[in-house]
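S.K.: just a sequence and a predicted model for now, questions to come.
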Amino acid sequence: GGHVVKKMEELGHVLDVKPFSGYYVSCPNCKRKLREKATRDSSNSYWCLKCSQLVPKVSLTYLLALSIVKCDSDECIDVISFGGRLDHLLGATAYHVHQFLIEIGSQSPSSLLHKALSVIFSGRHFLFKSLRLNRKFKDSTTSFLPVSIRQFNEMRC
């Protein structure tokens, strides 16, 4: 956890979309990323480290993840956003993105998705609502928790 220092709303543009961006298989209970695990009956299932449970393929959910470098007039910071906050920006859910990549038979779906996200987001302006937290994270004592991201306009930098 962290102590909320202040709520923020600021205009910024996306300088870069990091390769971590895309979608992932998530636990239907806690939304954490799942690890694929082979089972005896060869029907691959997934394991949730947080819930300590096996999740069968039929129960899988998918979440979008976007890792960007956001810049405003003062600074550039890393912002990572997950899940439903991104569905409205893409006009599709992570499940639909997953199905599309399967249908087109991409040999490198994560690379293709990263390229698409870079084209969609790089250089565009967004209104970022976030909470500034006072907590130790990596080398910093301040981190940002995105609450919402809305496209500001169609202008490119």
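M.R.: Done, it's in. All of these numbers come straight from a predicted model, not from anything done at the bench.
S.K.: pop out the phi and psi values for the residue most central in space within the chain.
M.R.: Within the chain, the residue whose C-alpha comes closest to the C-alpha centroid is residue 65; the distance, by Cα atoms, centre = their mean, is 1.4 Å. Comment: the main-chain dihedrals of residue 65 come out as phi -140, psi 130, following degrees, to the nearest 10.
S.K.: leaving out sequence neighbours, find the closest residue to it.
M.R.: residue 82 (5.1 Å; Cβ to Cβ, 6 or more residues apart in numbering). C-beta coordinates here come from the backbone N, C-alpha and C atoms, glycine included.
S.K.: hang on, the earlier thing: and the pLDDT for the residue nearest to the centre of the chain?
M.R.: Taken from the predicted model, the pLDDT recorded for residue 65 is 86.
S.K.: hmm, back to that, how many residues are close by the residue nearest to residue 65?
M.R.: Taking other Cβ atoms under 10 Å as the criterion, the count of residues near residue 82 is 18.
S.K.: which parts of the chain are strands?
M.R.: Across the chain, reading from the start of the chain, the strands by DSSP state E fall at 3-17, 22-26, 35-37, 45-48, 53-55, 61-71, 76-82, 124-137, 140-156.
S.K.: lowest-confidence stretch among these?
M.R.: strand 140-156 (a mean of 63).
S.K.: before we move on, back to that, for the residue nearest to residue 65, give me its contacts.
M.R.: 31, 63, 64, 65, 66 (Cβ atoms under 8 Å, 6 or more residues apart in numbering).
S.K.: contacts only, for the first one.
M.R.: For residue 31, the contacting residues are 61, 63, 82, 83, by Cβ under 8 Å, 6+ apart.
S.K.: what pLDDT is listed against it?
M.R.: Per-residue confidence (pLDDT) for residue 31: 87.
S.K.: reformat the strands of the chain as TSV; add distance to residue 93.
M.R.: Compiled in TSV, those are given as follows (distance: least, Cβ to Cβ, whole Å):
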stretch	distance to residue 93
strand 3-17	19
strand 22-26	9
strand 35-37	21
strand 45-48	19
strand 53-55	18
strand 61-71	7
strand 76-82	13
strand 124-137	19
strand 140-156	16
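S.K.: okay then, goodbye and thanks.
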